[in-house]
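1. no sequence on this one, just coordinates:
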C-alpha cells in the first residue's frame, strides 16, 4: 500500500531504538527496547497497517494502538489516521515513547498509560484498532469500542497454540474474523506496571 510505504518512509526508525542498535534499525528484524519488549519488524508493522487501511480511501479516522512500546508504530500511524490513541501498560516504556515522540511534534498522537486490554472508551468508537501483543482471545472491550465499518488487526493465539495475525471487521450484521499468517509477538497482559 503506497500510503503505508510513504508513512514508514516519513518516520526514522533509528530514532526509536537504543544507540547500540542503530546500525540494525533498518533491517527487517525486531529489536529489544527494554523490559522484555521489542520494536516490531518493519515488515510486520507494514503488513498490519496495510491490513488496517485496506479498502479505505484517504486517512483513517480515530485509531486505537495497543502496546505503544517505543512509539514507532504510533508515529507511523500519525501519517495514516486523523487521530491516534496509543496505550502502553509499562510506565517506563510509556515514558520512553513520550521522549522518542517529543521531537516529532505529532499533535494527532495521544499517548496513554493504562491497561490496553480495557481499551480507551473515551476515544471510541474507533475506525481501527491495532495491537502489538497477542492473547488467547480478542478482549471484548476492543470489539465494543470498534466502530461499525471499523477493522481490528491483532495477533491471536490460535487452536494450535501458535500466534497468527487476525483481522476482525465489524459490520451492521456482526463480526467477521479472518485468520492470516503466523506471527510472533509478546504476550498480551492485563494491568499496569
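-> Yep, it's here. Keep in mind it's a predicted model, so treat the numbers as computed, not measured. Residues are numbered from 1 along each chain as shown.
2. and the helices in this structure?
-> Secondary structure of the chain (DSSP state H): helices located at 2-10, 42-53, 72-77, 91-102, 140-145.
3. by contact count, what packs against the fourth one?
-> It stands for helix 91-102. Using 3 or more C-beta pairs under 8 Å, 6 or more residues apart in numbering; DSSP states H and E as the contact test, the elements touching helix 91-102 are strand 31-34, helix 72-77, strand 81-88, strand 109-113. In this view, the C-beta of every residue, glycine as well, is placed from N, C-alpha and C.
4. ok so, going back, out of the helices of the chain, which comes closest to residue 192?
-> Closest approach to residue 192 among these is made by helix 91-102 (7.1 Å; C-beta to C-beta).
5. if you count neighbours, what's buried in the longest strand that the chain contains?
-> Criterion DSSP state E: the longest strand present in the chain is strand 146-157. Buried residues in strand 146-157, counted by 16 or more other C-beta atoms under 10 Å: 146, 150-157.
6. tell me which two in those are the farthest apart.
-> In the buried residues of strand 146-157, two members sit farther apart than any others by C-beta to C-beta. They are 150 and 157, at 22.7 Å.
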